[in-house]
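Colleague: need a structure here:
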Amino acid sequence: MTRTRTFTEQDPIRVFLLDDHEVVRRGLSDLLDAEPDISVVGDAENVEHALARGPALRPDVAVLDVRLPDGDGITVCRELRSQMPELAVLMLTSFDDEEALLDAIMAGASGYVLKQIKGSDLVSAVRTVASGQSMLDPATTARLMASLRADPAGTPAVAPELASLSPRERDILALIGDGLTNREIGKKLFLSEKTVKNHISRLLAKLGVQRRVQAAVLASHLEQPESGERPAR
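Modeller: Numbers count the residues shown, from 1 in each chain. From the prediction side, this is the model:
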């Protein structure tokens with residue numbers, strides 16, 4: 001069970017910011033630092049700096065831009081949370097991107113907000129995810145996952161594609177579906193991170209998908225009994 005933390009002026013929410021625009025970082029920092037129970041402990045302008053600085057600062061919340069010059073905030077989310085499982089991540093983007101939302105969910109983000117959000121609402125979002133709650137609307141998430149499963153281009157071939165996977169690949173696919181990082185999968189299956197990456201590359205090719213999140217959606221089919229029977233309720 002997640003333990004709810006209470007933050008105060010003496011024990012503020014430690015926030016880390018990632019955005020490639022200095023003006024945005026300064027604006028966010030000024031906005032959040034003005035709150036007595038929030039303290040911005042550091043920032044970064046790209047993926048490389050975020051991965052180097054983030055873990056050392058031990059933030060409670062990371063506010064990450066989705067689109068960056070040298071990568072994306074979703075990768076940063078996944079990597080930071082593999083090192084700091086208790087970290088709450090709020091993804092920040094300038095446009096509404098359903099694919100990015102799904103990627104964020106699979107990477108373990110606690111929230112996803114547009115840059116057009118009001119300052120007071122962003123402050124509230126930081127407090128919400130810091131307390132252990134999610135900013136992701138369950139109805140929206142369910143709708144997106146359902147729309148991917150219903151994709152006419154992908155669904156008919158799901159069964160034979162899954163059948164082509166080796167037992168090890170099926171194990172890894174199931175763990176991807178649980179939202180685990182490569183490092184976490186490696187620990188669970190006693191494999192090196194490099195070996196896990198190689199397995200994932202092969203299983204993505206077999207499934208005919210390019211993105212990890214698409215594989216995660218297909219992973220849901222592993223949990224369904226082949227008979228289609230469901231337990232009586």
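Colleague: Any idea how many residues pack against residue 133?
Modeller: Residue 133 sits with 15 neighbouring residues when counted by other Cβ atoms under 10 Å. No exception for glycine: its C-beta is placed from N, CA and C like everyone else's.
Colleague: By mean pLDDT, point me to the weakest helix or strand of the chain.
Modeller: helix 138-149 (a mean of 58; mean pLDDT, DSSP states H and E).
Colleague: Point me to the residue sitting closest to the centre of this protein.
Modeller: In the chain, the C-alpha nearest the mean C-alpha coordinate belongs to residue 107, at 2.2 Å (Cα atoms, centre = their mean).
Colleague: I figured that residue was touching residue 79, is that so?
Modeller: No - no contact is recorded between residue 107 and residue 79 when judged using Cβ atoms under 8 Å, the distance being 9.0 Å.
Colleague: quick one: common contacting residues for these two?
Modeller: Residues within reach of residue 107 and of residue 79 at once, by Cβ atoms under 8 Å, 6 or more residues apart in numbering: there are none.
Colleague: one step back: so how far is residue 184 from the residue nearest to the centre of the chain?
Modeller: Distance of residue 107 to residue 184, computed by Cβ to Cβ, to the nearest Å: 12 Å.
Colleague: And residue 213, by the same measure?
Modeller: Residue 213 sits 16 Å away from residue 184, taking Cβ to Cβ as the criterion.
Colleague: Show me which of those two is the more surrounded one.
Modeller: residue 213 (21 against 18).
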